[in-house]
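Peer 1: Here is my input; please provide its structure:
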Amino acid sequence: QVQLVESGGGLVQAGGSLRLSCAASGRTFNNEDVAWFRQAPGKGRDFIIALNWNDGSTYATAPVKGRFTISRDNAKNSVYLQMNSLKPEETAVYYCAARSRSGSWWTRPDRYDVWGQGTQVTVSS
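Peer 2: You can find the predicted model right below:
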């Protein structure tokens, strides 16, 4: 079973940037989708963006498209989330998650099998 560890969260001003990392251990990623979710206080866990480890294809939701980018480093068995032009309402705990690829993009949290512990991102106004 792969384990995921996020890092890179912190405090940033509105309009600023952060880069989150999701490092996998236990085994290498295979034909999996690796996604980023976020959960604001008192709200549900929302899908943001995902990448397929096999072919590098990506899928992003409308609110982050053009501002957030997901990428991978095969040698480091890691996935990254580059976040630009951050907004205060994007303050949340950010999680990475993985699931075996099944032919379509899944955005529901309960479709993902493995989760990291989360990293806090705070965007000040």
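Peer 1: Show me what the spatially most central residue of the chain is bridged to.
Peer 2: What sits nearest the mean C-alpha location of the chain, by Cα atoms, centre = their mean, is residue 36, with 2.1 Å. Judged by DSSP bridges, the bridge partners of residue 36 are residue 49, residue 96.
Peer 1: hey, where'd the helices end up in the protein?
Peer 2: Assigned by DSSP state H, the chain shows no helices.
Peer 1: circling back: I figured the residue nearest to the centre of the chain was touching residue 48, is that so?
Peer 2: Yes: applying Cβ atoms under 8 Å, one finds residue 36 in contact with residue 48, separated by 4.7 Å. Every residue, glycine included, has its C-beta placed from N, CA and C.
Peer 1: Next, show the common contact partners of these two.
Peer 2: Common contacts of residue 36 and residue 48 (Cβ atoms under 8 Å, 6 or more residues apart in numbering): 68, 81, 94.
Peer 1: Neighbours of the nearest residue to the second one once chain neighbours are set aside, how many?
Peer 2: Nearest residue to residue 81 in three dimensions, chain neighbours excluded: residue 20, at 4.3 Å (Cβ to Cβ, 6 or more residues apart in numbering). When neighbours are counted by other Cβ atoms under 10 Å, residue 20 registers 23.
Peer 1: quick one: residue 20 from residue 71, how far?
Peer 2: 11 Å (Cβ to Cβ, to the nearest Å).
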